[in-house]
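Asker: sequence plus predicted model, see below.
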Amino acid sequence: MAEPYVIKMPQLSDTMTEGVLVSWEKPVGARVERGDVVATVETDKAIMDVEVFRSGYLAGPLAEANSVIPVGGAIGYISDSAVETVAAPVYAAPAAAATPELASIAASAPEGYAVKMPQLSDTMTEGVLVSWEKALGDRIQRGDVVATVETDKAIMDVEVFREGYLSGPLVAADVVVPVGEPIAWLVESPEQVRRQSAVVSTGTAGKVSSVHAPAATSTTAATAATAMPAPVPGAHPTARPQQGAASPFARQLAGQQGVDLNGLRGTGPAGVIVAADVLAAGRLAASAASARPAEPAVPGNGRAMTAIERAISQAMVASLSIPVFHVTVQAKPEALIRAAKAHKVSVTVAIAKAASQALSKHPLVNAAYQPADKIVERSQHDIGIAATTEDGGLVVPVLRGVEGKGLDQLQAEWTPLVEKARKRRLSPPEYTNPTFTISNMGMYGIVQFDAIVTPGTAAIIAIAGNGPEGMPITITADHRVVNGAEAALFLKDLKQAIEHPEAWLGSTGPMIPEGDYDVQVLVIGAGPGGEDCARELVENGIKVAMVNNAPLPGGECLWRGCIPSKAWRAAADRIRDREHDAAMGLTLGTPKLDWAQLEQHRRGILQTRGEMALKTDQGMKIQVLEGYARFTGAHSVEISGKDARTLTFGACVIATGAPAFVPPIPGIQEALKSGAAVTSDTVWDLRQPPKRLCVIGAGAIGMEMAQMFHDFGAEVMVLEALPRPVAEMEKEVAEQLMKALAHNSPRLQVLTGVKVADVAGQTGQLEIRYQVGEEAATYACDLLLVATGKRPDTSGLNLAAAGVTLGERAAIAADATGRSNVPHIYAVGDVIGGYMLAHTAGQQGRVAAANLLGHSASYDAAKDSGVTFTRPQCAFVGLSLEQAKAAGIDAVEVKVPLSIDAKAMMTGETDGLIKIVADKVSHRIVGVHFLADHADTLVGEAVMMVSAGLTLEQVAEAIHPHPTQTELFGEMARRLLSRLRRTARAAG
């Protein structure tokens with residue numbers, strides 16, 4: 001037997017190194033011929049076909065959809081014989097027994113594929129044809145929406161997954177069609193299209209029982225010899241049998257006729273129970289049907305119920321069999337209303353969350369009775385909330401997993417849900433199977449009412465209008481599951497949750513304690529975190545004092561970090577840009593660095609910005625004090641230095657930053673004291689740039705400094721203990737950065753997995769001894785830069801006097817609002833760890849101010865961003881693919897290399913790539929990652945994508961200017977959407 005032929009990931013573009021398997025166009029075992037397209041893959045430019053040039057049979061194992069395969073990697077195989085193929089499981093619907101109606105339809109049907117009424121929910125047995133979205137004769141593609149139908153709950157789309165031309169017989173609008181009956185046809189050519197409506201025949205219940213072509217335009221067909229039994233009012237498809245399987249039609253008939261499927265033996269394929277089996281047990285079913293009392297005649301001309309009216313009618317009939325009781329309690333809602341307003345959520349969402357608090361203590365209220373004599377217990381709180389539709393109907397959209405979500409997330413889910421409910425556009429997962437239900441008619445002024453519990457739930461609460469005694473809340477409970485005492489205790493806990501939301505929600509009022517204090521809020525530290533916080537507070541009328549340990553504000557960002565380093569970077573960029581001049585036909589000469597002039601320029605920027613900041617702070621009436629603050633109690637500090645004094649405060653915000661961390665390497669402290677070594681805090685006093693530089697640490701600071709001094713002319717060695725540099729960046733971005741540095745920074749070497757043994761020597765003559773694996777080595781340099789990150793130092797604050805506790809790595813423990821373990825003391829910025837970035841500190845400062853003012857705000861690290869100013873620059877917003885999956889998001893990514901971008905080609909800046917990470921289900925963009933020369937400007941659009949929760953569709957539809965690199969965002973979004981559509985169709 002010959003070896004199978006390997007189908008490999010082809011190289012479909014010059015820049016392609018890997019591809020994403022989008023879909024298989026042939027199944028395992030299919031016969032393939034030379035030139036057949038067997039799959040589609042996404043390259044770095046587009047989604048393209050994979051052709052094969054061998055004949056045979058497609059064999060597995062096949063690569064899975066969405067898997068990334070390098071060029072040349074195996075994605076499947078071609079075998080000489082079908083015997084050698086790997087059989088894939090086939091899931092085919094069991095064949096139902098043929099009926100005269102189906103035979104009639106088949107005989108009169110045109111040649112082609114029948115578009116049938118789909119079953120769009122578990123309870124759907126029929127649908128109303130609302131509209132045709134395509135016209136007779138239109139060309140139909142896979143995935144096209146051809147019509148909309150009204151189910152028992154909503155108006156939904158009918159998609160087709162075949163290609164062809166839309167043909168009649170076409171069911172007319174407003175016709176009721178059973179699930180599985182044809183509503184139209186797809187034919188292969190325009191000549192086969194029939195341009196007529198379908199003839200429909202109705203059963204005794206007035207519904208369509210079959211759909212077929214007019215006799216004049218089709219072959220003669222026998223009329224139905226027997227009719228299916230008329231549907232029984234209120235009947236639902238019976239439950240699936242406990243063992244084996246039953247066809248949907250058999251379940252429907254069993255529900256109508258009262259036949260127990262568990263007592264039947266199936267005659268269909270593999271023992272499946274089919275319609276004929278149910279009809280064969282007709283004596284018992286007929287007996288049960290005849291025992292049903294006839295409903296009284298009602299005079300007058302009745303109109304047909306809408307689908308939603310019929311669904312409610314059937315549910316109410318079914319609910320009559322539930323033994324229920326009612327219990328009422330009065331709850332005062334004012335505190336919950338205030339809390340909802342403070343958190344900017346609807347009272348409905350707040351009530352749902354309060355109900356979840358009570359359900360967690362009384363799980364039986366969240367359970368349900370299951371025939372026969374079983375109780376289903378559910379840990380997840382899927383709360384249905386009754387809502388009216390625009391046409392006066394009633395639907396119950398469901399908030400899923402209320403117990404595990406915050407108010408902000410619940411409100412974000414509820415807003416589009418209730419809007420879709422009003423328009424009756426909910427999909428089945430959005431309205432089916434609640435575990436508990438809320439009906440709120442208080443908004444209509446109703447003083448008391450009882451709601452009706454429906455099968456599948458054990459309880460529903462009816463909320464009436466607020467009165468002098470409070471808001472009446474009545475529970476209707478299924479006595480088979482919930483007893484009276486349990487219902488009463490549930491209402492007691494629900495009343496407590498509504499009247500005292502602070503117990504589970506936290507305080508919603510201002511967090512600044514009142515008292516005879518010198519200032520309402522004391523801010524310690526005048527960097528981006530402290531300054532932004534202080535300014536936000538004074539703008540809202542709060543009296544604020546800000547203590548700073550320097551004459552001018554700005555903190556590390558202005559004096560030792562962001563601003564001075566980017567001034568150096570700007571000079572290095574000018575030097576680096578000259579490398580591209582020759583390719584563009586320019587001759588400008590070799591740039592020469594004047595260090596003294598650069599330093600004068602840099603220092604001038606710092607001084608100007610520091611003076612501007614102080615004037616702004618003082619102009620806003622912030623009391624700026626120079627000195628060092630030390631806690632003497634929970635509401636007092638002692639300030640030493642220029643503005644020495646004692647000060648009392650109502651609340652305090654600590655924003656003291658974090659100094660450079662120096663690891664315990666032998667000899668390193670002596671080198672720092674002598675000036676032979678520097679940190680990111682002390683590098684700013686150099687008289688001239690070094691000739692040979694060693695950098696310990698390949699994080700953002702270390703790599704920026706290493707490449708800048710390289711561009712200034714130095715030879716640089718970077719030693720990193722971790723397996724890869726810039727570990728805070730996305731993995732592939734970091735890997736590609738190293739490749740770029742290897743060819744654009746020839747005097748820069750980066751070693752990872754290094755252990756530094758010791759530092760020896762004197763200023764200008766240092767030796768750094770280190771070990772990589774088993775090999776020891778020495779690097780001689782004239783300057784050592786220690787760039788091993790930062791670590792908070794709160795030893796001078798005397799936090800113990802205020803009762804503030806520390807968390808990991810000496811950082812102050814604070815939550816997402818900035819609050820420490822002491823409710824009136826907050827901490828923001830580097831002093832609490834996490835991302836030690838200026839903009840992060842600024843955001844956290846504003847969040848702390850908002851909470852002190854009584855507003856609900858929190859810092860979300862999943863929407864933060866950062867830029868490392870190497871060339872090319874690294875940048876990120878939000879989550880990587882790894883981080884998204886770890887957070888439980890079904891995520892997928894798309895990427896594009898800069899080497900294919902026209903703008904990058906023009907400027908000679910083709911190193912790098914851009915990635916977008918999105919939620920596969922919602923299409924929400926959760927992360928964007930860059931390696932690009934101008935990432936610091938491109939990142940702004942990505943910030944808005946992630947921060948605003950934009951979807952791939954929104955980015956794809958935005959009109960980006962050409963030629964710019966921003967248009968890559970739209971191209972990537974469209975490409976990923978195309979991939980997701982293809983994989984969904986292939987799977988469905």
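Answerer: Happy to help now that I have it.
Asker: what distance do you get for Asn798 to Glu638?
Answerer: Remark: distance between Asn798 and Glu638 (C-beta to C-beta, to the nearest Å) = 9 Å. C-beta: built from backbone N, CA, C; applies to glycine.
Asker: correction: Ala462
Answerer: 60 Å.
Asker: of the two, which one has the most company?
Answerer: Ala462 (24 against 17; other C-beta atoms under 10 Å).
Asker: now the phi/psi pair for that one, please.
Answerer: Backbone dihedrals for Ala462, given as degrees, to the nearest 10, come out at phi -110, psi 120.
Asker: ok, now which ones touch it?
Answerer: Applying C-beta atoms under 8 Å, 6 or more residues apart in numbering, we find Ala462 in contact with 439, 441, 449-451, 473-476.
Asker: mind redoing it with 10 Å?
Answerer: 326, 328, 386, 437-442, 446, 448-452, 472-476 (C-beta atoms under 10 Å, 6 or more residues apart in numbering).
Asker: narrow the residues you listed to those in strands?
Answerer: Counted as lying in strands by DSSP state E, out of the contacts of Ala462, are 326, 328, 437-440, 472-476.
Asker: thinking again about what came up before, just the buried members of the contacts of Ala462?
Answerer: The neighbour count (16 or more other C-beta atoms under 10 Å) marks 386, 437-442, 451-452, 472-476 as buried among the contacts of Ala462.
Asker: least confident of the residues you listed?
Answerer: pLDDT across these is lowest for Gly442, at 76.
Asker: ok, now how distant is that one from Thr474?
Answerer: Distance of Gly442 to Thr474, given as C-beta to C-beta: 11 Å.
Asker: neighbours around the residue nearest to Thr907 when sequence neighbours are not counted, how many?
Answerer: Take Thr907 and drop its neighbours on the chain: the residue closest to it by C-beta to C-beta, 6 or more residues apart in numbering is His580, 6.6 Å away. Look at His580: counted by other C-beta under 10 Å, it has 13 neighbours.
Asker: which residues touch His580?
Answerer: His580 neighbours (C-beta under 10 Å, 6+ apart): 586, 906-909.
Asker: what is the least confident helix or strand in the chain?
Answerer: For the chain, the helix or strand with the lowest mean confidence is helix 100-108, at a mean of 39 (criterion: mean pLDDT, DSSP states H and E).
Asker: just the CA trace of the following helix or strand past it, in CSV.
Answerer: Under the assignment DSSP states H and E, the closest C-terminal helix or strand after helix 100-108 is strand 113-116. Extracted in CSV, the C-alpha atoms of strand 113-116 (Å, rounded to 0.1, in the frame of the first residue of the first chain):
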residue,chain,number,x,y,z
TYR,A,113,-33.2,21.8,-2.6
ALA,A,114,-36.1,22.5,-0.2
VAL,A,115,-35.8,25.5,2.1
LYS,A,116,-37.7,24.3,5.1
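Asker: and the helix or strand following strand 113-116, what does it pack against?
Answerer: Next along the chain after strand 113-116, taking DSSP H and E as the criterion, comes strand 126-132. When contacts are defined as 3 or more C-beta pairs under 10 Å, 6 or more residues apart in numbering; DSSP states H and E, strand 126-132 packs onto strand 145-150, strand 155-159, strand 176-178, strand 182-187, helix 307-319.
Asker: any idea which helix or strand comes after strand 126-132?
Answerer: Per DSSP H and E, the first helix or strand lying C-terminal to strand 126-132 is strand 139-140.
Asker: burial of Lys341, as a residue count?
Answerer: Neighbourhood size, Lys341 [other C-beta under 10 Å]: 14.
Asker: how about the helix or strand containing it: buried residues?
Answerer: Element membership of Lys341 [criterion: DSSP H and E] is helix 334-342. Using 16+ other C-beta under 10 Å as the test for burial, helix 334-342 gives 335-337, 339-340, 342.
Asker: correct me if wrong: Pro897 contacts Leu913.
Answerer: Yes - counting by C-beta atoms under 10 Å, Pro897 does reach Leu913; the two are 4.9 Å apart.
Asker: show me what contacts the nearest residue to Ala740 once chain neighbours are set aside?
Answerer: Leaving aside its chain neighbours, Ala740 sits nearest to Asp911 (4.1 Å; criterion: C-beta to C-beta, 6+ apart). When contacts are counted by C-beta under 10 Å, 6+ apart, Asp911 is found next to 736-737, 739-741, 743-744, 871-872, 897-899, 904, 931-933.
Asker: mind doing that once more with 8 Å?
Answerer: Going by C-beta under 8 Å, 6+ apart, Asp911 touches 736, 739-740, 744, 872, 898-899, 931, 933.
Asker: tell me where the model's unsure across the stretch 701-850 of the chain.
Answerer: Counting by pLDDT under 70, not a single residue of the stretch 701-850 of the chain qualifies.
Asker: how about the strands in it?
Answerer: Listed in chain order, the strands of the stretch 701-850 of the chain (DSSP state E, counting those that start in this stretch) span 715-719, 748-751, 754-762, 765-772, 775-781, 783-786, 825-827.
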